[in-house]
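Enquirer: Show me the folded form of this:
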Amino acid sequence: MHDRSQRRIERSIAQCRVLLSIAAPLAVYLDPTIPILVPEGALSGAAFFIDPLALGIMLLHLAYSFALLATVTREWAPLERIAAIANFGDVLFGALVAVVTEGTNSPFYTFFLFAVLAAGLRGSRRTTEIVTGVSLALYVGLILVARPDGFGFYLTRTVYLAITGYLAGFLGQQRRNLDSSLQDLTRSLHDGYAQALAGVNLRVETCRQLIRRGRAEDAFTELTELRMGVDREYDELRAVVRSLRGLEVTPSAAIAGDATRFSVSARLDASLPIVEHALQIMLEGARNVSRHARARHATITAAATSVQLVIEIQDDGVGFAAGAPPPWSITSRAEEVGGRASIREREVGGRLVVELPLP
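Expert: As a prediction, the model looks like this:
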């Protein structure tokens with residue numbers, strides 16, 4: 001998703017670059033200015049006329065623009081490489097256009113602004129600051145070499161460019177942060193809450209079967225565990241929503257924090273459905289230990305035999321209450337693929353073993 005979004009942005013930048021390449025020579029052709037950054041008489045200009053050198057540079061920029069557009073559209077190169085070439089090329093052409101067209105109505109300033117804004121849209125504040133700094137240095141250097149007496153007049157433009165670069169970098173970084181947050185939220189909804197709802201559905205079906213068989217007490221126990229799980233997921237979802245709104249999040253009393261250190265060892269040789277369930281079980285087990293066990297250390301292992309995949313989750317915390325069933329979310333995942341989860345005795349802490357059959 002992130003790569004598609006970046007490529008879409010890069011394609012839009014490339015399309016705007018082509019429009020700039022077409023508009024710039026038309027502006028010089030219709031409203032020419034006398035360049036001041038080259039020796040007097042080296043270039044000529046008049047209404048409806050473009051000096052061959054200026055025209056050559058602008059045509060070169062047009063070819064450069066179409067080449068980048070084709071590269072982005074056809075995915076001929078990685079986005080990182082395209083962005084690096086574009087950052088360098090946009091600044092270079094800004095300087096070249098400044099040399100051959102600089103004047104009151106010269107389009108050079110638009111080229112520099114385009115380079116800065118394009119870097120900002122890519123979302124890297126540091127890169128935007130570098131592009132802005134190099135653009136300012138090139139322009140100021142050209143002014144000092146060619147027209148040091150008019151530096152005060154042109155200084156205002158450098159201030160505008162610096163402000164634009166700062167805002168573009170800030171907004172671009174904010175966009176990238178938002179994009180990253182949306183990806184994290186999407187991943188959490190898919191891997192966490194959607195799976196939790198699937199577990200609720202399985203547990204409700206189990207309760208229906210128990211009631212149908214006249215095992216009301218067992219069904220009541222299952223519903224109690226289900227309610228606890230739903231309450232926990234609700235608290236987590238509420239915390240996520242409040243954080244997105246920028247509101248203060250009160251941590252749940254059941255969450256012990258990040259004190260637990262985990263040691264994870266896994267060797268998985270199974271089909272994709274089994275691997276997905278195994279990874280989700282290991283993740284849910286780690287979360288349960290962190291929230292409830294008040295443990296300092298925990299170990300999660302997964303190893304396959306010829307007939308089954310065995311996952312063990314052990315910790316040195318408070319352990320399971322006497323007669324407590326295995327966590328419903330983990331049990332439901334195991335049962336979905338024909339496996340089972342069980343609590344094993346341990347002198348200190350808790351030990352949960354999950355066995356998943358291998359086809």
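Enquirer: Mind listing what's buried along the lowest-mean-pLDDT helix or strand in the chain?
Expert: Across the helices and strands of the chain, mean confidence by mean pLDDT, DSSP states H and E is lowest for helix 216-244: a mean of 74. Residues of helix 216-244 classed as buried: 218-219, 222-223, 225-226, 229, 232-233, 235-236, 239-240 (neighbour count, 16 or more other C-beta atoms under 10 Å). Where C-beta positions appear, they are placed from N, C-alpha and C, glycine not excepted.
Enquirer: could you dump the residues you listed to TSV with distance to residue 65?
Expert: As requested, the buried residues of helix 216-244 are arranged in TSV below (distance: C-beta to C-beta, whole Å):
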residue	distance to residue 65
218	71
219	69
222	65
223	65
225	62
226	60
229	56
232	54
233	51
235	53
236	48
239	47
240	43
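Enquirer: re earlier: beyond the least confident helix or strand of the chain, next helix or strand please.
Expert: Counting by DSSP states H and E, the next helix or strand C-terminal to helix 216-244 is strand 261-266.
Enquirer: Heading C-terminal from that following strand, find the next helix or strand.
Expert: helix 272-288.
Enquirer: Out of the buried residues of helix 216-244, flag the one nearest to residue 124.
Expert: residue 240 (27.1 Å; C-beta to C-beta).
Enquirer: And the helices in the chain?
Expert: Secondary structure of the chain (DSSP state H): helices located at 2-30, 52-73, 79-101, 108-121, 125-146, 151-188, 194-212, 216-244, 272-288, 328-336.
Enquirer: So which of those helices is nearest residue 302?
Expert: helix 272-288 (5.8 Å).
Enquirer: Give me the contact list for that closest one.
Expert: 191, 195, 262, 264, 266, 268, 270, 298, 300, 302, 309, 311, 313, 327, 329-330, 333-334, 336-337, 352, 354, 356, 358-359 (C-beta atoms under 8 Å, 6 or more residues apart in numbering).
Enquirer: Highest average neighbour count across the helices of the chain: which stretch is it?
Expert: Across those, averaging neighbours per residue (mean count of other C-beta atoms under 10 Å) puts helix 108-121 on top, at a mean of 23.
Enquirer: which strands and helices sit next to it?
Expert: helix 2-30, helix 79-101, helix 125-146, helix 151-188 (3 or more C-beta pairs under 8 Å, 6 or more residues apart in numbering; DSSP states H and E).
Enquirer: Could you check the angle it makes with helix 79-101?
Expert: For helix 108-121 and helix 79-101, the angle between their directions (axes from the mean of the first three to the mean of the last three C-alpha atoms, to 10 degrees) works out to 170 degrees.
Enquirer: to the chain's geometric centre, what's the distance from helix 108-121?
Expert: Averaging C-alpha positions (C-alpha atoms, centre = their mean, to the nearest Å) puts helix 108-121 24 Å from its chain's average.
Enquirer: now swap in stretch 6-20 and tell me
Expert: So, by C-alpha atoms, centre = their mean, the centroid of stretch 6-20 is 20 Å from its chain's centroid.
Enquirer: now do stretch 309-321
Expert: Counting by C-alpha atoms, centre = their mean, stretch 309-321 comes out at 34 Å from the chain centroid.
Enquirer: measure it end to end?
Expert: In stretch 309-321, first residue to last residue: 26 Å (C-alpha to C-alpha, to the nearest Å).
Enquirer: same thing with stretch 335-350?
Expert: Span of stretch 335-350 from end to end, C-alpha to C-alpha: 21 Å.
Enquirer: list the buried ones in it?
Expert: Those would be 337, 339, 341, 343, 349-350, for stretch 335-350 by 16+ other C-beta under 10 Å.
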